[in-house]
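S.K.: Structure of the sequence below:
(chains A and B)
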Amino acid sequence: MTTKEYNKCVELLSDGIFRFALKNLRDEFEAENVVQNTFEKLWVRKDKVEMVTAKAFLFKIAYNNCIDIIRKAKRSATMDEVVENNYSHSEQYSDTLEIVNAAVNRLPENQKTVILLRDYEGYDYKSIGEITGMTEAQVKINIFRARQFLKSYLKDMQLVI
Amino acid sequence: MKKQKDMDWELFELLEGELTAEQEAELLSKIEGQSDLESEWAFMQMTQLETPEVTYKHKDKLLKKDTTLLTFTAIQWKRVVAIAAMLVLCYPIWNYLIKTQDSGEGIVGSASEIIPKNEVEATITPESLPVEVKKETVAVVKQNSAPIKKTNQPKPTKVIDQTNPDLKTPFEVVSINSTGTHVSIANNIVDVQQPRKAMVRYNMDKDLPRNESRYKGVRSTVNTGLALLATPFRESKIQVQPTDKKTIQIVYSSMQYNATAMVSLKPLK
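M.R.: Below you'll find the predicted structure:
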């Protein structure tokens, strides 16, 4: 990968990486650090990374970075403790989008990651599996569970609204 | 319950685009008209996340300067400088090599053109160069080189500074050791401790005029002889001792010619 290609990656993918990290971490500062670290790693390995595989490489690095941060902050355990449908209805939402966002934030980490990669970045199951280290079947079932959770959340919240 | 889960899975696969066109059409027709399924399908569709507009603000910090052209230019520039430096440094060596590869004939033969005429007159004694022509083969002349090359003259040096015949200053006489029977240096055969460079100069025109037919063929032989004389100077370290004599007499002969040449030898500074 040339410097020009690297810069092109920055232009095209930094927003997506930031969005992915921000959604996972819910911390803008941490998300910016993830983006910076991710692209630093790409720059260091730019001679080994082809332009066509750069996106997957970046998301994999970003994903691992997010996981590390979450584990360090002991957020992971908190997230894993979130049981489906175990949410409060105390929040006030003005529209469906806010409800969905709130629901996404309540997803377990693995489900959140796969559904973000699926819907935000349009990755297929195989690519998501390569980024997260899951099998295609695991990816699919996690996306299913995530959608089920979101659906239930939305249904309940619709009743509240 | 199982039926509900199956329906959830089917709706999920419909949303994910995992169904075939036929399955999709069949499921959609199944949904139509059933309010509970329509509601489920509506909620399922709402789970598809819309990509939010998020912009990373610090892209400029991530961008790297494309130094390809700069590097290339720098390399080119360095190469040019390196080549120029090499040329400058190598020129004296090259010049040296070119000169050392010149034949003695070239050196000696061109001497008449190098030495100003008035200065030549001061250094050459015409009477000392009686040329006696013998009708013998030229090839034998080459044999003269043998004893000269076999001399025990020390290590290579070169004949240079043809353009500096500063004849007004006192000369230093050069002696050649063991130059064999064909070449001898009158009166001054001196072993000198300090190796010096030297040049051989001889103005042939004075002694062997070009116009005189009797010297036809002699000039080249003299030149050859002088070239042979020059050889040990070029290939040997010459031991020099300063004397007050400006010239030395070198007698050389071949089976074709016998000649005596007055040659001035001057160590280079």
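S.K.: In terms of secondary structure, what does the strand or helix carrying residue A:142 contact?
M.R.: If you go by DSSP states H and E, residue A:142 is part of helix A:136-160. Under the contact criterion of 3 or more C-beta pairs under 8 Å, 6 or more residues apart in numbering or on different chains; DSSP states H and E, helix A:136-160 touches helix A:96-105, helix A:109-119, helix A:125-132, helix B:2-16, helix B:35-46. Any C-beta I mention is one placed from the backbone N, CA and C, and that applies to glycine too.
S.K.: For residue B:94, find the nearest of the ones you listed.
M.R.: Counting by C-beta to C-beta, residue B:94 lies closest to helix A:125-132 out of the helices and strands packed on helix A:136-160; the figure is 62.1 Å.
S.K.: Measure how the closest one sits relative to helix A:109-119, angle-wise.
M.R.: Helix A:125-132 and helix A:109-119 meet at an angle of 130 degrees, taking axes from the mean of the first three to the mean of the last three C-alpha atoms, to 10 degrees as the criterion.
S.K.: Per the annotation, how does chain A divide into domains?
M.R.: Split into domains by automatic domain parsing, chain A comes to A:1-83, A:88-161.
S.K.: Other residues contacting stretch A:30-49?
M.R.: A:1-3, A:5-6, A:9-10, A:14, A:17-18, A:21-22, A:24-25, A:54, A:57-58, A:61-62, A:65-66, A:69, B:56, B:58, B:61-62, B:64 (C-beta atoms under 8 Å, 6 or more residues apart in numbering or on different chains).
S.K.: quick one: the residue nearest the centre of chain A and residue A:46, what's the gap?
M.R.: Residue closest to the mean C-alpha point of chain A, counted by C-alpha atoms, centre = their mean, is residue A:113 at 3.8 Å. For residue A:113, the distance to residue A:46 (C-beta to C-beta, to the nearest Å) stands at 25 Å.
S.K.: repeat for residue B:5
M.R.: Computed as C-beta to C-beta, the residue B:5 to residue A:46 distance reads 47 Å.
S.K.: Between those two, which has more neighbouring residues?
M.R.: residue A:46 (19 against 10; other C-beta atoms under 10 Å in any protein chain shown).
S.K.: per-residue confidence at the more buried one?
M.R.: pLDDT recorded at residue A:46 is 84.
S.K.: residues from the stretch 51-200 of chain B in reach of chain A?
M.R.: Taking C-beta under 8 Å from any C-beta of the partner chain as the measure of proximity, the stretch 51-200 of chain B contacts chain A at B:51-52, B:54-56, B:58-59, B:61-68.
S.K.: Can you tell me which of these lies closest to residue A:105?
M.R.: Closest to residue A:105, out of all of those and judged by C-beta to C-beta, is residue B:52, at 12.7 Å.
S.K.: if we can go back for a sec, out of the residues of the stretch 51-200 of chain B next to chain A, which end up buried?
M.R.: Among those, the ones that count as buried by 16 or more other C-beta atoms under 10 Å in any protein chain shown are B:54, B:56, B:59, B:62-63.
S.K.: Output those residues in TSV, with pLDDT appended to each entry.
M.R.: Formatted as TSV, these follow (pLDDT from 0 to 100):
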residue	pLDDT
B:54	83
B:56	88
B:59	86
B:62	85
B:63	86
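S.K.: Could you identify the most distant pair in the residues you listed?
M.R.: Pairwise distances across these peak at 18.6 Å for B:54 and B:63 (criterion: C-beta to C-beta).
S.K.: Sketch out the low-pLDDT regions of chain A for me.
M.R.: A:74-95, A:158-161 (pLDDT under 70).
S.K.: if you set the cut-off to 80 instead, what comes out?
M.R.: Counting by pLDDT under 80, chain A shows low-confidence ranges at A:73-99, A:156-161.
S.K.: got the residues of it near chain B?
M.R.: Within chain A, the positions near chain B by C-beta under 8 Å from any C-beta are A:2-4, A:6-7, A:10-11, A:14-15, A:17-19, A:22, A:32, A:35-36, A:39, A:43, A:96-97, A:100, A:104, A:115-116, A:119-120, A:140, A:143-144, A:146-148, A:150-151, A:154-155, A:158.
S.K.: And the residues you listed, which of them are buried?
M.R.: Buried residues within the residues of chain A next to chain B, counting neighbours by 16+ other C-beta under 10 Å: A:6-7, A:10, A:14-15, A:17-19, A:22, A:32, A:35-36, A:39, A:43, A:100, A:104, A:115-116, A:119-120, A:140, A:143-144, A:146-148, A:150-151, A:154.
S.K.: where exactly do the strands run in the stretch 1-150 of chain B?
M.R.: Applying DSSP state E, counting those that start in this stretch to the stretch 1-150 of chain B gives strands spanning B:131-133.
S.K.: now the nearest residue to residue A:28 once chain neighbours are set aside: how far from residue A:62?
M.R.: In this structure, residue A:28 finds its nearest non-sequential neighbour in residue A:22, 6.2 Å apart by C-beta to C-beta, 6 or more residues apart in numbering or on different chains. Residue A:22 is 11 Å from residue A:62, where distance means C-beta to C-beta.
S.K.: Just list the residues touching residue A:59, thanks.
M.R.: Residues in contact with residue A:59 (C-beta under 8 Å, 6+ apart) are A:16-17, A:20, A:117, A:121, A:123, A:131.
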